[in-house]
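[1] Predicted coordinates and the sequence they were generated for:
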Amino acid sequence: MVLCCGGKRVWVMLATMALVCVSTIVGLWVYQLTSFPPPTNKWDHYRLPDTLVPERYDVALWPRLDPDADGLYIFTGHSTVRFRCLRDTNLILLHCKQLKLSTMDSDGHLVKLTALRGTPPAIRKTWLHEPTQYLVVQLNGVVKAGQDYDLHTEFSGELSDDLEGLYRSEYTEDGVTKVVATSQMHPTHARKTFPCFDEPAMKAVFHITVLHKPGTLALSNGMEIAIEDTTVEGQAVTKTTFEPTKKMSTYLLALVVSDFDHLASLAGNTSIRIWARKNAIIQGHGSYALNVTVPVLKFFEDYYNISYPLSKSDQIALPDFYFGAMENWGLVTYREANLLYDPDVSSNRNKETTATIIAHELAHMWFGNLVTLKWWNEVWLNEGFASYVSYLGANRAEPTWNVKDLIVLDDVHRVFAVDALASSHPLSSKEEEIQRPEQISELFDAISYSKRGPQSCGCCLTSSLSLCSSRVSKHI
Ligand SMILES: [Zn+2]
């Protein structure tokens with residue numbers, strides 16, 4: 001009996017707790033609906049307003065390859081972005097993440113604004129808005145439509161080993177630990193290196209200067225045009241200046257400081273260089289990549305009927321790299337295993353991977369870099385096409401392999417397995433559905449790379465691309 005009466009009390013208690021839980025959940029739900037109205041401030045939106053467009057950046061960066069007194073690896077830099085105002089506005093938004101900005105005047109503002117003609121409006125307030133990763137500049141007056149302005153910032157950041165933005169990679173060679181400063185801006189990490197309009201359609205020309213430790217070399221998208229030894233803040237440094245880039249997206253910017261060595265060749269007037277650790281170059285592990293690059297570049301020049309757009313093509317093998325490779329325009333970065341090939345150790349599969357990945361990245365030098373998506377919701381256009389033509393490019397370099405047959409094995413069946421899951425998603429999303437950086441990153445999956453309609457039918461793909469021409473922006 002006691003047990004029975006005690007059981008009734010338990011059921012009453014459980015029912016009461018269930019009612020409390022349900023009412024709490026409903027209450028929180030109603031509170032959330034009524035207490036968080038859609039954002040009204042422009043800095044609460046993840047997309048930049050359409051009032052300003054960048055024209056050029058002058059960026060100087062100084063990554064330190066030795067730790068400071070606190071044991072931290074850092075970089076310092078300054079940047080001037082010239083932008084054109086399309087519509088009068090009293091608000092300037094730039095992306096900025098995890099940077100420490102210096103104050104630029106006695107009022108403690110984080111930027112200096114100058115007008116190319118006349119006087120710029122006074123700055124009212126500046127701050128870093130972390131949720132949407134913005135540097136916010138409120139003005140007392142307005143910047144005027146049709147006019148150009150320069151916005152200058154000075155900043156420092158950590159050269160951390162997180163594989164994002166300008167980051168640190170380490171390796172051991174001949175018993176010595178060596179540090180490399182390298183970069184991964186794609187898709188939204190340029191903002192972690194310098195304040196910028198970090199959206200793919202916001203293309204501009206980049207003038208890059210790098211200060212680096214004497215004895216190291218610096219590489220970027222453009223060819224090195226001046227290298228001089230100098231002294232800055234009492235320290236001996238080497239200053240490398242690069243030729244200006246083509247008009248391009250922030251996510252394609254690249255920068256590497258290392259003591260690597262290279263192999264070189266020429267494809268027409270284009271300088272071809274394969275960079276890697278000194279020992280890897282001495283042992284000839286970059287030779288296969290060099291041999292493949294020349295015919296693949298020639299193939300894509302014929303295929304697109306457009307000359308290679310740049311004066312040089314650098315490809316570099318990095319000890320620490322998040323993706324398999326990244327198509328930075330003129331300085332393609334790779335995981336070591338994907339660029340280097342050792343005939344004594346590597347398998348045939350390694351060789352096939354090297355050939356197709358090089359072809360994939362070089363295909364982007366035109367499709368993706370010269371012609372670019374307006375927004376990340378159509379990333380399948382970029383990656384699906386590059387994946388498809390990578391087999392065509394590799395086939396030119398290795399015509400006896402029948403490499404095109406591997407499309408069925410490596411792409412079609414791979415994506416069938418993923419597409420059969422409930423977690424699959426449409427190829428193309430609505431632009432407004434892809435907003436936050438993590439939503440953008442999620443799109444780089446097997447669906448975007450390998451599911452492209454009738455996969456092995458290039459003519460169908462080409463016609464679907466021509467139908468999609470409104471979704472890309474072209475700047476030459
Ligand atoms: Zn790609």
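    Sure thing, it's come through. Numbers count the residues shown, from 1 in each chain.

[2] Where do the domain boundaries of this structure fall?
    With automatic domain parsing as the criterion, the domains of the chain are listed as 44-258, 261-474.

[3] Quick check: residues of the stretch 351-476 of the chain near the ion?
    Counting by C-beta under 5 Å from the ion, the stretch 351-476 of the chain comes close to the ion at 383, 386. No exception for glycine: its C-beta is placed from N, CA and C like everyone else's.

[4] give me the low-pLDDT residue ranges for this protein?
    Counting by pLDDT under 70, the chain has low-confidence residues at 1-38, 453-476.

[5] Without its sequence neighbours, what residue ends up closest to the residue most central in space within it?
    A centroid search over the chain (C-alpha atoms, centre = their mean) returns residue 186, at 1.2 Å, as the residue closest to the centre. Nearest residue to residue 186 in three dimensions, chain neighbours excluded: residue 251, at 4.3 Å (C-beta to C-beta, 6 or more residues apart in numbering).

[6] Same question for residue 286.
    Counting by C-beta to C-beta, 6+ apart, the nearest residue to residue 286 once its immediate chain neighbours are dropped is residue 274, at 3.9 Å.

[7] can you check residue 137 too?
    Here the residue nearest residue 137, using C-beta to C-beta, 6+ apart, is residue 92, at 3.9 Å.

[8] Show me what the helix or strand hosting residue 301 is packed up against.
    The secondary structure element spanning residue 301 is helix 287-304 (assigned by DSSP states H and E). In this structure, helix 287-304 makes packing contacts with strand 261-267, strand 270-276, strand 312-318, helix 348-364, helix 379-397, judged by 3 or more C-beta pairs under 8 Å, 6 or more residues apart in numbering; DSSP states H and E.

[9] any chance of those in JSON lines, with mean neighbour count too?
    Conversion of the helices and strands packed on helix 287-304 to JSON lines gives the following (neighbours: other C-beta atoms under 10 Å):
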{"stretch": "strand 261-267", "mean neighbour count": "15"}
{"stretch": "strand 270-276", "mean neighbour count": "22"}
{"stretch": "strand 312-318", "mean neighbour count": "24"}
{"stretch": "helix 348-364", "mean neighbour count": "22"}
{"stretch": "helix 379-397", "mean neighbour count": "23"}
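
[10] Is it correct that residue 54 is in contact with residue 82?
    Yes - look at residue 54 against residue 82 with C-beta atoms under 8 Å: they come within range, at 7.1 Å.

[11] the more surrounded of the two?
    Between residue 54 and residue 82, counted using other C-beta atoms under 10 Å, the more crowded position is residue 54 (21 against 17).

[12] Please report phi then psi for the more buried one.
    The phi/psi pair for residue 54 (degrees, to the nearest 10) reads phi -70, psi 150.

[13] one step back: part of a helix, is the residue nearest to residue 186?
    Yes - secondary structure of residue 251 (DSSP: H, G, I helix; E, B strand; the rest coil): part of a helix.

[14] quick one: the helices in the stretch 1-150 of the chain?
    Counting by DSSP state H, counting those that start in this stretch, the stretch 1-150 of the chain forms helices over residues 2-35, given from the N-terminal end onward.

[15] In contact with the residue in it that the ion sits nearest to, which residues?
    Residue nearest to the ion within the stretch 1-150 of the chain (C-beta to the ion): residue 95, separated by 22.4 Å. Contact analysis of residue 95 by C-beta atoms under 8 Å, 6 or more residues apart in numbering lists 48, 133-135, 188, 190-191, 195-198.

[16] What of residue 142?
    Under the criterion of C-beta under 8 Å, 6+ apart, the contact list for residue 142 reads 88-90, 121.

[17] what helix or strand does residue 156 sit in?
    Per DSSP H and E: residue 156 is located in strand 148-158.

[18] Flag every residue of this structure that's near the ion.
    Taking C-beta under 5 Å from the ion as the test, the list of the chain residues beside the ion reads 383, 386.

[19] Please name the nearest non-neighbouring residue to whatever residue of the chain ends up closest to the ion.
    Using C-beta to the ion, the single residue of the chain nearest to the ion is residue 386, 4.3 Å away. For residue 386, the nearest residue in space outside its immediate sequence neighbours is residue 363; the separation is 4.5 Å by C-beta to C-beta, 6+ apart.

[20] Likewise for residue 320?
    Setting aside the residues directly before and after it, residue 320 is nearest to residue 169 in space (C-beta to C-beta, 6+ apart), at 3.9 Å.

[21] Share the number of residues neighbouring that neighbour, please.
    Using other C-beta under 10 Å, the number of residues around residue 169 comes to 18.

[22] contact partners of the strand or helix carrying it?
    If you go by DSSP H and E, residue 169 is part of strand 165-173. Where contact means C-beta under 8 Å, 6+ apart, the residues beyond strand 165-173 that reach it are 61, 63, 73, 75, 97-98, 157, 159-161, 177-185, 189-193, 255, 277-279, 318-321.

[23] Would you mark the buried spots in whichever helix or strand comes after that strand?
    If you walk from strand 165-173 toward the C-terminus, the next helix or strand you reach (DSSP H and E) is strand 176-184. Neighbour counts over strand 176-184 (16 or more other C-beta atoms under 10 Å) mark 178-184 as buried.

[24] Mind telling me the two of those residues farthest from one another?
    Across these, no pair lies farther apart than 178 and 184, at 19.0 Å, counting by C-beta to C-beta.

[25] which ones are touching the closest residue to residue 42 other than its chain neighbours?
    What sits nearest to residue 42 in space, not counting adjacent residues and going by C-beta to C-beta, 6+ apart, is residue 49, at 5.4 Å. Shown in contact with residue 49 (C-beta under 8 Å, 6+ apart): 42, 89, 91, 93.

[26] By neighbour count, which of those residues wins?
    Of the contacts of residue 49, residue 93 is surrounded by the most neighbours, 21 neighbours in total, counting by other C-beta under 10 Å.

[27] Quickly list what the closest residue to it other than its chain neighbours is bridged to.
    By the measure of C-beta to C-beta, 6+ apart, the closest residue to residue 93 outside its immediate chain neighbours is residue 134, 5.1 Å from it. Residue 134 has the following beta-bridge partners by DSSP bridges: residue 95, residue 129.

[28] pretty sure residue 134 is touching residue 96, no?
    Yes - when contacts are counted by C-beta under 8 Å, residue 134 is listed as touching residue 96 (6.5 Å).

[29] hey, what's in contact with both of the two?
    When C-beta under 8 Å, 6+ apart defines a contact, the residues bordering residue 134 and residue 96 alike are residue 128.

[30] possible to save the contacts of residue 142 as JSON lines with distance to residue 438?
    JSON lines is the format used below for the contacts of residue 142 (distance: C-beta to C-beta, whole Å):
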{"residue": "88", "distance to residue 438": "34"}
{"residue": "89", "distance to residue 438": "28"}
{"residue": "90", "distance to residue 438": "31"}
{"residue": "121", "distance to residue 438": "35"}
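
[31] Now a PyMOL select for only the buried ones of those residues.
    Buried residues within the contacts of residue 142, as defined by 16+ other C-beta under 10 Å, are selected in PyMOL through the command that follows:
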select buried, resi 89+121
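
[32] In strands only, show me the contacts of residue 142.
    Among the contacts of residue 142, the subset assigned to strands under DSSP state E consists of 89-90.

[33] Looking at the contacts of residue 142, which one is closest to residue 407?
    Taking C-beta to C-beta as the measure, residue 407 sits nearest to residue 89 out of those, at 48.4 Å.

[34] Show me which pair in the contacts of residue 95 is furthest apart.
    So for the contacts of residue 95, where distance means C-beta to C-beta, the most widely separated pair is 135 and 188, at 14.6 Å.
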